[in-house]
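Student: mind folding the following:
(chains A and B)
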There are 2 protein chains.
Amino acid sequence: MNRRQALKASIVAATGASIASVALADDEDQSEASLQTVMSLMGAMGSGDMAAMADLMADDMVWHNEGDPNIPWIGPWEGKEAIFGFLGVFSENFQTTKWENTDVLASGDTVAIFGEMNGITTKSGKEIGDFTFALRAKVRDGQVVLWNWFEDSYAVSQAYNG
Amino acid sequence: MNRRQALKASIVAATGASIASVALADDEDQSEASLQTVMSLMGAMGSGDMAAMADLMADDMVWHNEGDPNIPWIGPWEGKEAIFGFLGVFSENFQTTKWENTDVLASGDTVAIFGEMNGITTKSGKEIGDFTFALRAKVRDGQVVLWNWFEDSYAVSQAYNG
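Tutor: Numbers count the residues shown, from 1 in each chain, chains lettered A, B, ... in the order given. Down below sits the predicted model:
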């Protein structure tokens, strides 16, 4: 048993949890390529570059965000077309006032980004207040296939519902 | 400019975001040690091993979780003593019915874990329903200094308030 296998075995023993992926940068080139793809998509979203977004999103991409089902941009959204539809609704309803990435990790096909955000929910005009976000993204063949987004869904709901 | 610096520069250019840390396993030994520490703490929490928990938590550890401020375990909590206090309240109020780690990444002093959970909020007796979680943890000298936890805080609030 090599060191990586030993580590994985000890983790499973320690937690009793099932671990689908213990990703410790087995392939640094793949990790860097995945990170580049995810960051490029984040940048294209930020600048509203729809053509670049379309290139970077897999046709079967899934956007998984959880929260108040009364909010029109809460998914999950399956498929590039559905995601473009949701992003249109989102951009009409949400004005980002702060976005700062604080931690960025990548390993193999998986990227993790953490940071701080704030925004105004335009329906109510209320600001959410600073909250932390997390992103788990997965990449296949240079395109993003999963965008699993975490935020303080309670605070977002409070602001949206005024 | 080496490849890592070039990647970092291109990321900053692509996103326009400030990036405090672009962590791509510069030090695999440190990454593995950080992961081991975080997984050991998760395991100790799961089994209720208070002595092991105390060994693995820095005195100045911060537990950052966001959500409904009416829920007695929503922090943030600063310092090991405060965290032990909050965990007592949490364990009286929350019965975990599902916990599965699906993605685990580590780079340097930072660990990212994603997975699926469910639980019963005992005050109302209501189950939250499956939700995804994210964890950003940071390690210093073999002890956890940050435990930044993400969950569907809207769904947790709905279940807690019955």
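Student: and the most centrally placed residue in chain A, how close does it get to B:Gly67?
Tutor: Chain A has A:Leu135 as the residue nearest its centroid, 3.2 Å off, counting by Cα atoms, centre = their mean. Counting by Cβ to Cβ, to the nearest Å, the gap from A:Leu135 to B:Gly67 is 19 Å. No exception for glycine: its C-beta is placed from N, CA and C like everyone else's.
Student: which helix or strand lies directly C-terminal to the strand ranked longest in chain A?
Tutor: What stands out as the longest strand in chain A, according to DSSP state E, is strand A:94-107. The C-terminal neighbour of strand A:94-107 among helices and strands, as given by DSSP states H and E, is strand A:110-121.
Student: sketch out the low-pLDDT regions of chain A for me.
Tutor: Residues of chain A meeting the criterion pLDDT under 70: A:1-26.
Student: so what's A:Trp147 bridging to?
Tutor: The residues listed as beta-bridge partners of A:Trp147 by DSSP bridges are A:Trp63, A:Ala137.
Student: quick one, what contacts it?
Tutor: The neighbourhood of A:Trp147, defined by Cβ atoms under 8 Å, 6 or more residues apart in numbering or on different chains, consists of A:41, A:61-64, A:83, A:135, A:137.
Student: the single longest helix found in chain A versus strand B:94-107: what angle between them?
Tutor: Using DSSP state H to define each element, chain A has its longest helix at helix A:28-47. Relative orientation of helix A:28-47 versus strand B:94-107 (axes from the mean of the first three to the mean of the last three Cα atoms, to 10 degrees): 110 degrees.
Student: ok now the following helix or strand past helix A:28-47, how far from the chain's centre?
Tutor: In the C-terminal direction, the helix or strand that comes right after helix A:28-47 (DSSP H and E) is helix A:50-56. The chain centroid and the centroid of helix A:50-56 are separated by 16 Å under Cα atoms, centre = their mean, to the nearest Å.
Student: quick one: residues contacting A:Asn148.
Tutor: Taking Cβ under 8 Å, 6+ apart as the contact definition, A:Asn148 lies against A:64-65, A:135-137, B:114, B:132.
Student: if you set the cut-off to 6 Å instead, what comes out?
Tutor: The neighbourhood of A:Asn148, defined by Cβ atoms under 6 Å, 6 or more residues apart in numbering or on different chains, consists of A:64, A:136.
Student: A:Ala33 versus that one, what's the distance?
Tutor: Note on A:Asn148: its distance to A:Ala33, by Cβ to Cβ, is 19 Å.
Student: just A:Gly88 next, same as before
Tutor: In terms of Cβ to Cβ, A:Gly88 sits 29 Å off from A:Ala33.
Student: more neighbours: the two, which one.
Tutor: When neighbours are counted by other Cβ atoms under 10 Å in any protein chain shown, A:Ala33 comes out ahead of the other of A:Gly88 and A:Ala33, with 17 against 11.
Student: how about the contacts made by that one?
Tutor: The contact partners of A:Ala33, by Cβ under 6 Å, 6+ apart, come to none.
Student: swap in A:Asp141?
Tutor: For A:Asp141, no residue counts as a contact, taking Cβ under 6 Å, 6+ apart as the criterion.
Student: the one 10 residues further on too?
Tutor: Contact partners of A:Glu151, counting by Cβ under 6 Å, 6+ apart, are A:131, A:133.
Student: how near is the residue nearest to the centre of chain A to chain B?
Tutor: In this structure, A:Leu135 and chain B are separated by 8 Å, where distance is defined by Cβ to the nearest Cβ, to the nearest Å.
Student: that residue - nearest residue in space that isn't next to it in sequence?
Tutor: Once flanking residues are discounted, A:Leu135 sits nearest to A:Ile113: 4.4 Å by Cβ to Cβ, 6 or more residues apart in numbering or on different chains.
Student: and that neighbour, bridged to which residues?
Tutor: Those that pair with A:Ile113 in a beta bridge, by DSSP bridges, are A:Val104, A:Leu135.
Student: ok, now how distant is it from B:Arg136?
Tutor: When distances are taken as Cβ to Cβ, A:Ile113 and B:Arg136 turn out to be 10 Å apart.
Student: what residues are shared contacts of those two?
Tutor: Common contact partners of A:Ile113 and B:Arg136 (Cβ under 6 Å, 6+ apart): none.
Student: which residue, neighbours along the chain excluded, lies closest to A:Asp103?
Tutor: Using Cβ to Cβ, 6+ apart and skipping residues adjacent in sequence, the residue nearest A:Asp103 is A:Phe114, 4.3 Å away.
Student: now do the contacts for the residue nearest to A:Leu135.
Tutor: Taking Cβ under 6 Å, 6+ apart, we find A:Ile113 in contact with A:101, A:104, A:135.
Student: number of nearby residues for the second one?
Tutor: If I follow you right, that is A:Val104. Residue neighbour count, defined by other Cβ under 10 Å, stands at 27 for A:Val104.
Student: next one: it from A:Ala112, what distance?
Tutor: Separation of A:Val104 from A:Ala112 (Cβ to Cβ) stands at 7 Å.
Student: surely A:Pro72 touches A:Phe90?
Tutor: No: taking contact to mean Cβ atoms under 6 Å, the distance of 8.1 Å between A:Pro72 and A:Phe90 leaves them out of contact.
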